[in-house]
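Trainee: Give me a model of this one.
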Amino acid sequence: MYEAIIFDFDGTIIDTEINLFNTLNKHIINKNNEPISLEEYKSSIGSVSKELDNKILNALGSELALEEMFKDHYEGTKSLSMKPVVKDLIEYGHKNHLKMGIATSSYKEHIMPNVLRLELDEYIDVVKGREDVAFVKPNPELYIQAAHDLQVKPNKCLAIEDTTNGAQAAIDAGMDVIVITHEITEDLNFDDLKILNKDIEAKEIIDLYL
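Mentor: Numbers count the residues shown, from 1 in each chain. You can find the predicted model right below:
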């Protein structure tokens, strides 16, 4: 029996990834540079890549241009709704007194406007972000810290993820994982990861695992 559910944020709670990918390339193309390929973008999704970060910075030309790109991206996420499967799980967790947390490789300041907009602060007990750890996913530290702050053992936590990097992090933290993919991650290879299930509806998750 699980005592907590810990969610990734970007791509899991709201589908921000395609917006970021499209916004990034819009700004790069506006600088007359070659866009980032989808395959290259996928390789670092759910984590960080210094190589890709440097390539993006060079393509945009300056830190200021990078900041403008992210402002454009965050503005674009303000209209995104919560993914239905996550909404149903959060409602179930709240009604059944499960503890709930967020573990994200993003900085908390970047996700909190949407957390507040979606009123998730009423249900989520802990938010752990990039600034809280030495290493982000696929390192398990974010999930370990989230479980610690929830005062729940990792093996009593169910993690909801959308990427291979995120799923690996939760598995290495000692958690069971269900993966809910989207347009960017649906063809990633999860075969080598010991996940509970993939791309199932909230009712199935509740009936089978909660």
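Trainee: Quick check: the gap between Ser105 and Ala169.
Mentor: 9 Å (CB to CB, to the nearest Å). C-betas here are computed from N, CA, C, even on glycine.
Trainee: Can you get me a residue count around the closest residue to Ser105 other than its chain neighbours?
Mentor: Leaving aside its sequence neighbours, Ser105 sits nearest to Val136 (CB to CB, 6 or more residues apart in numbering; 3.9 Å). For Val136, the neighbour count with other CB atoms under 10 Å is 21.
Trainee: And for Glu91?
Mentor: Count around Glu91 with other CB under 10 Å applied: 12.
Trainee: sec struct for it, please.
Mentor: helix (DSSP: H, G, I helix; E, B strand; the rest coil).
Trainee: OK, contacts around it?
Mentor: Listed by CB atoms under 8 Å, 6 or more residues apart in numbering, Glu91 has no contact partners.
Trainee: pLDDT score for the closest residue to Lys26 other than its chain neighbours?
Mentor: In space, not counting the residues next to it along the chain, Lys26 is nearest to Asp72; the distance is 7.8 Å by CB to CB, 6+ apart. For Asp72, the pLDDT comes out at 95.
Trainee: pretty sure Asp72 is touching Asn25, no?
Mentor: No: Asp72 is beyond contact range of Asn25, at 11.7 Å (criterion: CB atoms under 8 Å).
Trainee: Which positions in stretch 62-81 come out as buried?
Mentor: By neighbour count with 16 or more other CB atoms under 10 Å, stretch 62-81 contains the buried residues 65-66, 69, 73-74, 77, 80.
Trainee: Next: stretch 201-210.
Mentor: Buried residues in stretch 201-210 (16+ other CB under 10 Å): 202, 205.
Trainee: just checking, what packs against the lowest-mean-pLDDT helix or strand in the chain?
Mentor: In the chain, no helix or strand scores lower on mean pLDDT, DSSP states H and E than helix 38-44, which sits at a mean of 83. Contacts defined by 3 or more CB pairs under 8 Å, 6 or more residues apart in numbering; DSSP states H and E place helix 38-44 against helix 17-30, helix 50-60.
Trainee: which neighbours do Ser105 and Ala169 share?
Mentor: 137, 142.
Trainee: Who has more neighbours out of these two?
Mentor: Legend: neighbour count by other CB under 10 Å for Ser105 and Ala169, higher for Ala169 (29 against 26).
Trainee: Setting aside sequence neighbours, what's the nearest residue to the more buried one?
Mentor: Lys137 (3.9 Å).
Trainee: Figure out which of the helices and strands packed on helix 38-44 is closest to Ile206.
Mentor: helix 17-30 (25.4 Å; CB to CB).
Trainee: what comes into contact with that closest one?
Mentor: 10-11, 34-36, 38, 41, 45, 56, 59-60, 65, 68-69, 72-73, 76-77, 80, 162, 182-185.
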